[in-house]
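*Asks:* pasting the sequence and the predicted model now:
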Amino acid sequence: FPSHDIDIAVIETGLGGRLDATNVCPKPAVTVITSISRDHWQRLGDSLAQIAGEKAGIIKANCPIVAGTLPEDAAEVVAATAQALGAPLTWVQVPPADPEEPQQILWHGKPFSIALLGNHQRHNAAIALEVIEQLRIQDWLIPDSAVKEGLRQTTWAGRLQWITYRDQQNQSHPLLIDGAHNVAGAKLLREYISQTFPNQPVRWVVGILNTKDQTGIMTALLEPQDYLFAVPVPDHATTPPTELVALSESILNHPGTSYQNLTDGLTAALNHPISTAAPVVVCGSLYLIGQLLALNSSPS
């Protein structure tokens, strides 16, 4: 970073916080905890309070901390850690949504347009705006025009992203792709689908690692009228697609099907004899999304 003359670096922790390598930064300008859910529990702890204790390890003495809406037991841990370290804590409350302007947030009375899809991105945008306020308090000159442009141009590959997929016959198909690799992410994806395609069946192409909460993810994603096309994740820790099909049996009206690779599963989903209005969604693992993006960028 110093060799490239960086003004501000946004550094994301890799896992947890307390033992993460990002703690080599001794005095960040601001620390941020966006959300806490049950993920990586094998290493971080089997309760939200334990996970929060690990994540709160990024809080530094006398350094401002910005936090989003957290579950109560997690919020208590974060608040106690901040108080013990004398770190000023700001909780971010998301302004109410305007049904006529779903991609806009009002912050301190000023409208900001958001490029990213999903109601949860209003929450993320509010956190980002509060971080900007904390930097301004520290005399960083950041004009509203730059903030608006940043929010308007933000992209995030593999998170509620619509792409055009070209099949082996070079036919174009719209696909929605999303990592959705934990229960919280799966719930947000389902929320977006239900709002965007109300009462429509969904064609799900799903692959999940065996280190994840497969049952919780599948329960959050699937509804009885949906169709499942289970595929492996390109990783040795993949859940066998047949196991995902078995998990879906108590949810779906139609038996799910398993495939040996992503291409076969996706082809089956796209060619399934159901209304073309039924969206095709690929999700369950960022590794799977990476494989799809690489596949789609390869020459035919």
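*Replies:* Everything's here; your move. Given the structure is predicted, the values throughout are model-derived calculations rather than measurements.
*Asks:* hey, let's count contacts and neighbours off CA atoms from now on
*Replies:* OK.
*Asks:* I'd say residue 51 and residue 16 touch.
*Replies:* Yes - using C-alpha atoms under 8 Å, residue 51 is in contact with residue 16, at 7.3 Å.
*Asks:* can you read off the pLDDT for residue 231?
*Replies:* Each residue has a pLDDT score; the one for residue 231 is 98.
*Asks:* what about it, how many residues close to it?
*Replies:* Residue 231 is flanked by 30 other residues according to other C-alpha atoms under 10 Å.
*Asks:* likewise residue 187?
*Replies:* Counted with other C-alpha under 10 Å, residue 187 comes out at 19.
*Asks:* that's a helix at it, yeah?
*Replies:* Yes - the assignment for residue 187 is a helix, going by DSSP: H, G, I helix; E, B strand; the rest coil.
*Asks:* now do the same contact list for it.
*Replies:* 217, 220-221 (C-alpha atoms under 8 Å, 6 or more residues apart in numbering).
*Asks:* rerun at 10 Å
*Replies:* Shown in contact with residue 187 (C-alpha atoms under 10 Å, 6 or more residues apart in numbering): 180, 193, 216-222.
*Asks:* now intersect those residues with the strands, please.
*Replies:* Judged by DSSP state E, the subset of the contacts of residue 187 located in strands is empty.
*Asks:* let me have these in TSV, extended by neighbour count and distance to residue 146.
*Replies:* TSV is the format used below for these (neighbours: other C-alpha atoms under 10 Å; distance: C-alpha to C-alpha, whole Å):
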residue	neighbour count	distance to residue 146
180	26	30
193	21	31
216	15	40
217	20	37
218	23	40
219	16	41
220	19	37
221	23	37
222	21	40
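*Asks:* CA atoms only: put stretch 64-83 into PDB for me.
*Replies:* Output of stretch 64-83 as PDB, limited to C-alpha atoms (Å, rounded to 0.1, in the frame of the first residue of the first chain):
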ATOM      1  CA  PRO A  64     -14.200   4.500  16.300                       C
ATOM      2  CA  ILE A  65     -16.200   1.400  15.500                       C
ATOM      3  CA  VAL A  66     -19.300   1.400  13.200                       C
ATOM      4  CA  ALA A  67     -21.700  -1.500  13.500                       C
ATOM      5  CA  GLY A  68     -24.800  -2.500  11.600                       C
ATOM      6  CA  THR A  69     -27.900  -4.100  13.100                       C
ATOM      7  CA  LEU A  70     -26.800  -7.200  15.000                       C
ATOM      8  CA  PRO A  71     -28.600 -10.000  16.900                       C
ATOM      9  CA  GLU A  72     -29.100  -9.000  20.500                       C
ATOM     10  CA  ASP A  73     -26.600 -11.400  22.100                       C
ATOM     11  CA  ALA A  74     -24.000 -10.500  19.400                       C
ATOM     12  CA  ALA A  75     -24.600  -6.700  19.900                       C
ATOM     13  CA  GLU A  76     -24.000  -7.100  23.700                       C
ATOM     14  CA  VAL A  77     -20.600  -8.500  23.100                       C
ATOM     15  CA  VAL A  78     -19.600  -5.900  20.600                       C
ATOM     16  CA  ALA A  79     -20.800  -3.100  22.900                       C
ATOM     17  CA  ALA A  80     -19.000  -4.500  25.900                       C
ATOM     18  CA  THR A  81     -15.700  -4.800  23.900                       C
ATOM     19  CA  ALA A  82     -16.000  -1.300  22.600                       C
ATOM     20  CA  GLN A  83     -16.600   0.100  26.000                       C
END
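*Asks:* so residue 125 makes contact with residue 112?
*Replies:* Yes - counting by C-alpha atoms under 10 Å, residue 112 is a contact partner of residue 125 at 8.9 Å.
*Asks:* between the contacts of residue 187, which is closest to residue 297?
*Replies:* Nearest to residue 297 among those: residue 180, at 21.7 Å, using C-alpha to C-alpha.
*Asks:* and the pLDDT for the closest one?
*Replies:* pLDDT recorded at residue 180 is 92.
*Asks:* what of residue 299?
*Replies:* Residue 299 is given a pLDDT of 50.
*Asks:* just checking, what packs against the top helix by length along the chain?
*Replies:* Longest helix in the chain by number of residues (criterion: DSSP state H): helix 120-137. If you count contacts as 3 or more C-alpha pairs under 10 Å, 6 or more residues apart in numbering; DSSP states H and E, helix 120-137 packs onto strand 31-33, strand 65-67, strand 89-91, strand 104-107, strand 110-113, helix 144-153, helix 183-196.
*Asks:* dump that helix to CSV, keeping only the CA atoms.
*Replies:* C-alpha atoms of helix 120-137 as CSV (Å, rounded to 0.1, in the frame of the first residue of the first chain):
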residue,chain,number,x,y,z
HIS,A,120,-30.0,-5.6,2.6
GLN,A,121,-27.9,-3.3,0.4
ARG,A,122,-29.7,-0.3,1.9
HIS,A,123,-28.3,-1.5,5.2
ASN,A,124,-24.8,-1.9,3.8
ALA,A,125,-25.0,1.6,2.1
ALA,A,126,-26.1,3.2,5.4
ILE,A,127,-23.0,1.6,7.1
ALA,A,128,-20.7,2.9,4.3
LEU,A,129,-22.3,6.4,4.7
GLU,A,130,-21.6,6.4,8.4
VAL,A,131,-18.0,5.4,7.8
ILE,A,132,-17.7,8.4,5.5
GLU,A,133,-19.0,10.6,8.4
GLN,A,134,-16.4,9.2,10.7
LEU,A,135,-13.7,10.0,8.2
ARG,A,136,-15.0,13.5,7.8
ILE,A,137,-14.8,13.9,11.6
